[in-house]
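In: Generate coordinates for the sequence data below:
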Amino acid sequence: MRRALGYALCAALVAAAGVARADTPDSTPPTPARNVAIPFVENGAIKGWRSGGEDAILIEARSGRWYRGEFRPGCPEVRASEAVAFLTSPAGVLDHFSSVLVRDRVCRLRTLTDAPNPRLAAK
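Out: Predicted structure coming up:
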């Protein structure tokens with residue numbers, strides 16, 4: 001009887017510890033950003049771009065939406081470049097499988113996600 005009561009008490013303590021831990025904000029892993037695509041790039045869907053550092057590029061679409069493309073493994077040339085070319089799929093879609101030509105280097109994208117407007121974020 002004592003042994004059964006001891007097992008029940010241990011099970012209750014383990015369950016309570018699990019519930020308490022689930023309530024802490026640090027136990028929830030962050031939701032990864034969802035990859036997106038920009039269609040009709042060859043028809044002028046991209047309005048502009050700016051460097052996001054050595055490992056990223058910020059892209060403004062004609063619609064006013066902003067996107068952040070992260071390079072693999074990095075593309076330091078994008079920081080000082082004045083022009084880039086977007087290498088899209090045959091359908092003219094820019095996505096996380098695409099590349100960006102910076103000077104004479106092809107920089108491959110690892111991710112392409114929605115991003116806040118950097119002009120508003122800087123204020």
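
In: contacts and neighbour counts: CA atoms only from here.
Out: Fine.

In: Give me the below-cutoff pLDDT ranges for the protein.
Out: Where the chain drops to pLDDT under 70, the residues are 1-31, 122-123.

In: go again using 80 as the cut-off
Out: For the chain, applying pLDDT under 80 flags the ranges 1-32, 121-123.

In: What ranges does it have for its strands?
Out: Ranges of strands within the chain are 46-51, 56-61, 66-72, 84-87, 99-102, 105-115, based on DSSP state E.

In: Mind putting these into JSON lines with mean neighbour count?
Out: Below are these laid out as JSON lines (neighbours: other C-alpha atoms under 10 Å):
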{"stretch": "strand 46-51", "mean neighbour count": "17"}
{"stretch": "strand 56-61", "mean neighbour count": "22"}
{"stretch": "strand 66-72", "mean neighbour count": "22"}
{"stretch": "strand 84-87", "mean neighbour count": "16"}
{"stretch": "strand 99-102", "mean neighbour count": "20"}
{"stretch": "strand 105-115", "mean neighbour count": "19"}
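
In: V36: which of those strands is closest?
Out: Among these, the nearest to V36 by C-alpha to C-alpha is strand 105-115 (5.4 Å).

In: Contact partners for R79?
Out: Residues in contact with R79, defined by C-alpha atoms under 8 Å, 6 or more residues apart in numbering, are 51-54.

In: Mind checking which of these land in helices?
Out: When DSSP state H defines the helices, the subset of the contacts of R79 inside them is empty.

In: most surrounded residue in the residues you listed?
Out: Using other C-alpha atoms under 10 Å as the neighbour criterion, S51 leads these with 20 neighbours.

In: Across the sheet, point out what pairs with it.
Out: I57 (DSSP bridges).

In: wait, what's in contact with it?
Out: Neighbouring residues of S51 by C-alpha under 8 Å, 6+ apart: 57-58, 78-79.

In: Nice, that's everything, thank you.
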